[in-house]
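> Below are the sequence and a predicted model for it; my questions follow.
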Amino acid sequence: MPKPKLSGAQRRKLAKHRAAARLQRAGGERPLRAELLPPVRIEDLEGVRAYRHEMNRLYALMRSGDLATENGTRMVYVLREAANLARIEEELQLAGAIRAELLKLNTDRTFELLPVSPEIPPADPATPSPINIEGQS
């Protein structure tokens, strides 16, 4: 009976296992574990660009074999989530700056913007809008 054909993932896993066994037999060192890496303080990473730089550094360590892929993948996942939050924060700051500029430009006109926070109640739809459209209010 012929052996069942292995999938690509199974072949890669088998090759990785064999390479680790060869390294162990030869007395070589195993790839670094996450605990042995220098600590990265997330609060030191300012903005999305810094998170991407850190992810690239971890990817390079995984490619060179200095960091176990399983550990690196977990670390990159956490960095990706933090980068998404940093991106959202940057977008909110930009939206706030745009809103401030709009308010500054429209100080002489009556212009109603959407409320920024839930504490500011929205305008009552029953009251007429202060914006004139084609001479009508």
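Noted; the coordinates are in hand.
> ranges for the helices of this protein?
8-26, 47-64, 69-105 (DSSP state H).
> Comparing those helices by mean pLDDT, which bottoms out?
Mean pLDDT across the helices of the chain is lowest at helix 8-26; the value there is a mean of 78.
> got the angle between that helix and helix 69-105?
Angular relation of helix 8-26 and helix 69-105 on a 0 to 180 degree scale: 120 degrees, by axes from the mean of the first three to the mean of the last three C-alpha atoms, to 10 degrees.
> Keeping just the C-alphas, turn helix 8-26 into CSV.
Output of helix 8-26 as CSV, limited to C-alpha atoms (Å, rounded to 0.1, in the frame of the first residue of the first chain):
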residue,chain,number,x,y,z
GLY,A,8,2.5,21.3,1.8
ALA,A,9,2.0,22.2,5.5
GLN,A,10,2.7,18.7,6.5
ARG,A,11,5.9,18.6,4.4
ARG,A,12,7.1,21.9,5.9
LYS,A,13,6.3,20.7,9.4
LEU,A,14,8.2,17.4,8.8
ALA,A,15,11.2,19.2,7.4
LYS,A,16,11.3,21.6,10.3
HIS,A,17,11.1,18.8,12.8
ARG,A,18,13.9,16.9,11.0
ALA,A,19,16.1,20.1,10.9
ALA,A,20,15.5,20.6,14.6
ALA,A,21,16.5,17.0,15.3
ARG,A,22,19.7,17.4,13.2
LEU,A,23,20.6,20.5,15.1
GLN,A,24,20.0,18.8,18.5
ARG,A,25,22.1,15.8,17.5
ALA,A,26,24.9,18.0,16.3
